[in-house]
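Undergrad: coordinates only, sequence not included:
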């Protein structure tokens, strides 16, 4: 397993990161423990979670994922072996069960969220603490075009950084990251951090996959030049790129098979997405490749990617995803990917 430097820090993280958002909803604690054990044996040292997980966010399951991870640390005593990332939630109409609305990136919310996460995770520190999404209204979670909205009472970005900086000094977190952020937001945070001598964001966690390469348009240069690398989430586009939904198939535990529970992810259901997805799957099979492994290997190989966040609901899926770390795509396969992308760019933003 390749390991890469996290931003400008002294931490190195595995090129694949263990995603956890199914734990407590689609996976039991026992199944989650088995995934952690398997991933660690494969050389993964990086695990990503969030106070909001599991997904979809529901009052009945809120914070179950962090609790499961904390139980693992208590049972195994290997906290020091892991680079642990978590996130503080931002505002949203569907998450009023988290603390007390409105959720903001201010002192009250960040300190309360962080302290609760530390308690659930049964640890004294979080290595990478991320803002899960911006407090302001901007283009994220499937919205490509920016539509400006005047908003009052937004927490100044400098205030958010000041609070995070205090938590770093207190030893509760080691580093700060962004998530679902835009080029403007990323550069603004970086500029404020440097001009005010505050903790500098070391990473950005945004979606990136064969069906959504929008990160390349405005963010890739930022990630490379500012050493604020991408932690790529949804690298299989909600499982579409694995091929398991081809020809109308709906596997029992697949998220797109359970639209009553995962109805918010409509961007994966368009005809354009289905058409492009079928072409990528056909390309993989033409070259005797597993479609999921091809899709993952493409993401991991990008120069702006620090780590590729993989998730699974079974050990078989996890083993397949782990095997992608050894796959090097040929020039012919890469040319085929670019041809499909040129014909149908970013159908699932």
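TA: Arrived safely, thanks for sending. From a predicted model like this one, the values you see are computed outputs, not experimental measurements. Numbers count the residues shown, from 1 in each chain.
Undergrad: which residue sits farthest out from the middle of this protein?
TA: Ranking residues of the chain by C-alpha distance from their mean position (C-alpha atoms, centre = their mean) puts residue 286 at the top, at 29.7 Å.
Undergrad: Please give me every residue in contact with the closest residue to that one other than its chain neighbours.
TA: Once flanking residues are discounted, residue 286 sits nearest to residue 336: 7.8 Å by C-beta to C-beta, 6 or more residues apart in numbering. Where C-beta positions appear, they are placed from N, C-alpha and C, glycine not excepted. Applying C-beta atoms under 8 Å, 6 or more residues apart in numbering to residue 336 gives the contacts 283, 286-287.
Undergrad: mind redoing it with 10 Å?
TA: Residues near residue 336 by C-beta atoms under 10 Å, 6 or more residues apart in numbering: 279-280, 282-284, 286-287, 294, 329-330.
Undergrad: From residue 329, how far off is it?
TA: According to C-beta to C-beta, to the nearest Å, residue 336 and residue 329 sit 9 Å apart.
Undergrad: tell me, what's touching these two both at once?
TA: With C-beta under 10 Å, 6+ apart as the test, residue 336 and residue 329 both reach 284, 287, 294.
Undergrad: Write a ChimeraX command that selects only the buried members of those.
TA: Only the buried entries of the shared contacts of residue 336 and residue 329 go into this ChimeraX selection, using 16 or more other C-beta atoms under 10 Å:
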select :284,294
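Undergrad: Spatially central residue in this structure, please.
TA: Geometric middle of the chain (C-alpha atoms, centre = their mean) lands on residue 233, at 3.5 Å.
Undergrad: Okay, and the beta partners of that residue?
TA: Bridge pairing for residue 233 (DSSP bridges) gives the partners residue 207.
Undergrad: Residue 339: what secondary structure?
TA: helix (DSSP: H, G, I helix; E, B strand; the rest coil).
Undergrad: Do a quick rundown of the strands in the chain.
TA: 3-5, 12-14, 16-19, 46-48, 83-88, 126-131, 173-179, 203-205, 229-232, 305-310 (DSSP state E).
Undergrad: quick one, the last one and strand 83-88 angle?
TA: For strand 305-310 against strand 83-88, the angle by axes from the mean of the first three to the mean of the last three C-alpha atoms, to 10 degrees is 80 degrees.
Undergrad: okay but residue 324 is in contact with residue 1, surely?
TA: No - Residue 324 lies out of contact with residue 1 (C-beta atoms under 10 Å); the separation is 11.1 Å.
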